[in-house]
Structure formats: C-alpha cells, structure tokens
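J.: Quick one, what's the 3D model for this:
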Amino acid sequence: QELFSDGTIQPGMTVVLRRHEAGLYLHSGHKNFLDENASWVTIVGEGDASIESIGLSYVKNIRFTGLNISKETSGNLVSTYDTENIIFDHNYISGGSDYKTWDAQKWQQIASGMMFRRGNCSTAYRNELENLRMGIQAYVRDNDMTQEIQSLKVLIKNNLIKNISADFMRPLGSDITLDGNIGLDHYV
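T.: From the prediction side, this is the model:
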C-alpha cells in the first residue's frame, strides 16, 4: 500500500508480493493509475504471499495473479468500483478455513468473494473461491443505487467456486459473459 501511495510503484511495473499484506486500496488519489492509456501494472503473488483484501475505485489497467486473498470478515474480499481493465486470474480467495464447524449464523456473516461494480472490462479468470457468502458479483448500480452503467463488459470464466452460502455468481447488468465456471457445495 505504501509503495503505491508514495509513487514508488508506477504504471508498467511488475510487483512481486512475497509476504503477508493487510490490504490494498487504490482510488482516485492514486493519480498514476487513472489514465486509460497508461501501461499495465501486474501484481504477482510468490510463495506464501497473501493479502487480506483488495479495494479499487476509479483506477485502470491492473492485473492481480497468483495471490492468496483471505480474511475472516463480513465484506467483499475483492471489490471494484468504476474501474477499467482490471484482471484477477489464478488467485485463491477465501473467507476462512474452518468451515466445517460453521453454523447457519456464521455462514451468513462471512466474507463474500469478488464484486465488480460499475466497472468496464473486468475479468475473473481461473480463480478458486471458497468458504464465502457470495462468490462473484457484477453489478451495474452506483453506491447511491441511482445510476446504472448498462454495458459492463465483464468476463467470468473457468472459476472454481465452492462452499458458498448465498449465490455462486450474481451477474446483474449487460455484456457479462459467464463461461465454464464450476460451483460446488451450497450451505444455508
């Protein structure tokens, strides 16, 4: 987070994550990542690297791959809002590991996986999501629930989603492609 905020990480770089990070939140204050013509940044997880959550607003051209995104919480582990060209591929996303002991109340209070909201050109490809409330969501309305973006251009392909207590996928909008996803084991 600090290296994005102080400007050390620039468009065009590949960032290798090798340790545990609390979270990454990029927004309109990160001016280097607002230009649709900027080079892509790739964030790669290596070894036991993990991050608790990722929140993106208004940023563009970022790829996340090979990450362990896990936290016992109640929000979305990955959330985007009004972004463009965001890719999540080959990641592991989980709301906890001890799911066999969870009761109905716990299943309804755990984290959800991915939320693409009002973004343009978002991709979830070959991720494994497990032990979550919701799997992958794409949604057209803004935070005030007043404006819709009609065409999201979201690709949700070849993801494995298991141990879910709400919807495996919730695609609300136009130009959303679901292809080859597998959902296993629904609770509550």
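J.: And the nearest residue to L152 once chain neighbours are set aside, how close does it get to V154?
T.: Nearest residue to L152, sequence neighbours excluded (C-beta to C-beta, 6 or more residues apart in numbering): G173, at 4.4 Å. Backbone N, C-alpha and C define where each C-beta goes, glycine included. Distance of G173 to V154, computed by C-beta to C-beta, to the nearest Å: 7 Å.
J.: which residues touch L26?
T.: Neighbouring residues of L26 by C-beta atoms under 8 Å, 6 or more residues apart in numbering: 4, 33, 55-57, 59, 62.
J.: Out of the residues you listed, which sit inside strands?
T.: Secondary structure defined by DSSP state E assigns 55-57, 62 of those to strands.
J.: now those residues as a markdown table including pLDDT, neighbour count and distance to D167?
T.: Compiled in a markdown table, those are given as follows (pLDDT from 0 to 100; neighbours: other C-beta atoms under 10 Å; distance: C-beta to C-beta, whole Å):
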| residue | pLDDT | neighbour count | distance to D167 |
| --- | --- | --- | --- |
| G55 | 97 | 17 | 21 |
| L56 | 97 | 24 | 22 |
| S57 | 96 | 19 | 23 |
| I62 | 97 | 24 | 26 |
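J.: where does this structure have low pLDDT?
T.: 142-143, 145-150 (pLDDT under 70).
J.: Now with 90, please.
T.: Where the chain drops to pLDDT under 90, the residues are 36, 48-49, 72-74, 97-98, 118-119, 139-152, 172-174, 187-188.
J.: Residue nearest the middle of it, spatially speaking?
T.: V78 (3.0 Å; C-alpha atoms, centre = their mean).
J.: what about it, which SS state?
T.: strand (DSSP: H, G, I helix; E, B strand; the rest coil).
J.: check contacts around it.
T.: Contacts for V78 were tallied using C-beta under 8 Å, 6+ apart; they are 53-55, 69, 88, 93, 113-115.
J.: which residues of the protein fall in helices?
T.: For the chain, the helices defined by DSSP state H cover 2-5, 104-109.
J.: H20: neighbouring residues, count only.
T.: Other residues lying near H20 total 12 when counted by other C-beta atoms under 10 Å.
J.: Equivalent analysis for D98, please.
T.: Look at D98: counted by other C-beta under 10 Å, it has 9 neighbours.
J.: do the same with the one 3 residues further on
T.: As a burial measure, T101 scores 7 neighbours (other C-beta under 10 Å).
J.: I'd like to know how far it sits from N131.
T.: Counting by C-beta to C-beta - T101 and N131 are separated by 11 Å.
J.: and what of T123?
T.: Per C-beta to C-beta, T123 is found 23 Å from N131.
J.: quick one: which of the two has more around it?
T.: N131 (25 against 19).
J.: Show the contacting residues for the more buried one.
T.: Neighbouring residues of N131 by C-beta under 8 Å, 6+ apart: 94-97, 99, 110, 163.
J.: Repeat the analysis, applying 6 Å as the threshold.
T.: By C-beta atoms under 6 Å, 6 or more residues apart in numbering, N131 lies in contact with 94-96, 99, 163.
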